[in-house]
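*Asks:* Predicted model and sequence below, questions to follow.
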2 protein chains.
Amino acid sequence: MTTRRTGLREQKKQATREALRAAALRLALAHGPENVRVDDIAAAAGVAPRTYNNYFASREQAIVAAVTADREARVAAAVAGRPAGTPLSEAVTDAIVTEYTEPGEDARDALLMITTRPALRQAYLDAATAIESPLTEVFGERTGDAATARVLAASVAAAVRIALDRWVRPADGGAATGLVVVRDSLPAQLRAALAPLAPALDAADHGR
Amino acid sequence: MTTRRTGLREQKKQATREALRAAALRLALAHGPENVRVDDIAAAAGVAPRTYNNYFASREQAIVAAVTADREARVAAAVAGRPAGTPLSEAVTDAIVTEYTEPGEDARDALLMITTRPALRQAYLDAATAIESPLTEVFGERTGDAATARVLAASVAAAVRIALDRWVRPADGGAATGLVVVRDSLPAQLRAALAPLAPALDAADHGR
DNA sequence: GCGCAAAATTGCGTGCACGCATGTTTTGTG
DNA sequence: CACAAAACATGCGTGCACGCAATTTTGCGC
């Protein structure tokens, strides 16, 4: 369906990637992210330090990837799986809210760690852009226009990123304005962030 | 109007930033980006190597900043300057097309160098996200909703980024599909990328 | 099974980003 | 006009990302 290159080779690569992810998260949780060197992660995963950078371009990426994993691909699949009659904006919003809400797993404390460290927070937000490519494909099938699909996918990714940012960021401007900023739940933030894009999504949808 | 903090200090900072930008671009053009070390740039600008990183987070940023400079702020100003009756989508598109089309200056050969080096191309695209913040302010005044404004600004930034990407990227998929990809001009790419967002922009506009 | 080409891993070397501690300049206040 | 606080420049040290080239592993046709 998607990209099934060759069998065993790809399999081992994914295993290594998974091992690195897991090791990174485990060590970071155990000793604190600041006290984990790339060499440690590589050693724990049983590969050379240099190999680490064949899989992740930064130390933060590996830790964050353990949480975000293949969430992006699932979102795209969920969008594609909605009944045909559903407006595109609704399909997208529902799929995203479902997939991003939320771990329930062991990722709970990982999220806590990530949100309190600026560098990890940044990496976590950046990871949201990974939905662009799968979403572009789905949108492409529904709108028929690849260029439009890409723009809309990028916009959705940006909205998700903003929602996560607002959800994750510590309140800062409170004292200055005297206003107490009530933090919405993640689903509410996601819906609020995606709402402004609904007209564009639906216009492109039936535009074909 | 915007953020005029205090006098002499800010002035010197901008002078240093400008000196670094200029030095980075000049050296990169002269010897090729690969052969310019951060230390060289710092030395040419008359500051310590460490100071360089107080202004730019990467070597590429400084080079690219010499071209993109304050383009972002000008876009925001241009949007704000359109007559009140203009639809928001039109105001945004026209302002962006105007400001991004194109250097005419000494930036011609700089662009050539940037587009041929992957690292610089990446930095150039990333620089487009700088419009987000000024655009958010402008949109905020026009829509009345800060959250919506931010999402739309980010979407516009993403669209611009995509347009620049398509404009700047060397044709790659041509051989595979057998199709000759005709490269549109930058204004055409920008308009095409922004068009899908028009419904969202205009819906938010008069929504207030 | 066997060998070969493609692909992945590894080691090495280099330049870089950035935290921290310290000296220096700027600012606004009494 | 002096002075304390804040902002900035600088040195130093550390860990990191990545290009390059050599080496090992994998997949596949024979």
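*Replies:* Nice, thanks for sending it over.
*Asks:* Distance check, the residue most central in space within chain A against A:Asp70.
*Replies:* The centroid of chain A falls nearest to A:Ala128 when counting by C-alpha atoms, centre = their mean (3.4 Å). A:Ala128 sits 14 Å away from A:Asp70, going by C-beta to C-beta, to the nearest Å. (Each C-beta comes from the backbone N, C-alpha and C, glycine too.)
*Asks:* how is chain A carved up into domains?
*Replies:* A:7-59, A:70-205 (automatic domain parsing).
*Asks:* Next SSE downstream of the helix or strand bottoming out on mean pLDDT in chain A?
*Replies:* In chain A, no helix or strand scores lower on mean pLDDT, DSSP states H and E than helix A:174-177, which sits at a mean of 50. Downstream of helix A:174-177, the next assigned helix or strand under DSSP states H and E is helix A:186-194.
*Asks:* Show me what that next one is packed against.
*Replies:* helix A:88-100, helix A:146-168, helix B:146-168 (3 or more C-beta pairs under 8 Å, 6 or more residues apart in numbering or on different chains; DSSP states H and E).
*Asks:* now the second one, how far from the chain's geometric center?
*Replies:* Pointing back at helix A:146-168 there. 11 Å (C-alpha atoms, centre = their mean, to the nearest Å).
*Asks:* Say whether chain B is contacted by that helix.
*Replies:* Yes - Helix A:146-168 reaches chain B (C-beta under 8 Å from any C-beta of the partner chain) through A:147-148, A:150-152, A:154-155, A:157-159, A:161-162, A:166.
*Asks:* Near chain B, which residues of chain A are found?
*Replies:* A:147-148, A:150-152, A:154-155, A:157-159, A:161-162, A:166, A:192-200, A:202-204.
*Asks:* Would you mind checking these for buried ones?
*Replies:* By neighbour count, with 16 or more other C-beta atoms under 10 Å in any protein chain shown, the residues of chain A next to chain B hold A:147-148, A:150-152, A:154-155, A:157-159, A:161-162, A:166, A:192-200, A:202-204 as buried.
*Asks:* filter those down to the ones near DNA strand D?
*Replies:* Among these, no residue sits close to DNA strand D (C-beta under 7 Å from any atom of the strand).
*Asks:* Need the domains of chain A in a markdown table (columns: distance to DNA strand C).
*Replies:* Shown next, in a markdown table, are the domains of chain A (distance: least, C-beta to the nearest atom of the strand, whole Å):
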| stretch | distance to DNA strand C |
| --- | --- |
| domain A:7-59 | 3 |
| domain A:70-205 | 7 |
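*Asks:* any chance of the ones you listed in TSV, plus distance to B:Met113?
*Replies:* Formatted as TSV, those follow (distance: least, C-beta to C-beta, whole Å):
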stretch	distance to B:Met113
domain A:7-59	24
domain A:70-205	26
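*Asks:* neighbouring contacts of the longest helix anywhere in chain A?
*Replies:* In chain A, taking DSSP state H as the definition, the longest helix is helix A:7-31. If you take C-beta atoms under 8 Å, 6 or more residues apart in numbering or on different chains as the criterion, helix A:7-31 is touched by A:4, A:36, A:40-42, A:44-47, A:51-52, A:55-56, A:59, A:62-63, A:65-67, A:69, A:109-110, A:113.
*Asks:* Quick one: buried ones out of these?
*Replies:* A:36, A:40-42, A:44-45, A:47, A:52, A:55-56, A:59, A:62-63, A:65-67, A:110, A:113.
*Asks:* In three-state terms, label the residue nearest to A:Ala80 when sequence neighbours are not counted for me.
*Replies:* Closest residue to A:Ala80 apart from its sequence neighbours, by C-beta to C-beta, 6 or more residues apart in numbering or on different chains: A:Val138 at 5.1 Å. Secondary structure assignment for A:Val138 (DSSP: H, G, I helix; E, B strand; the rest coil): helix.
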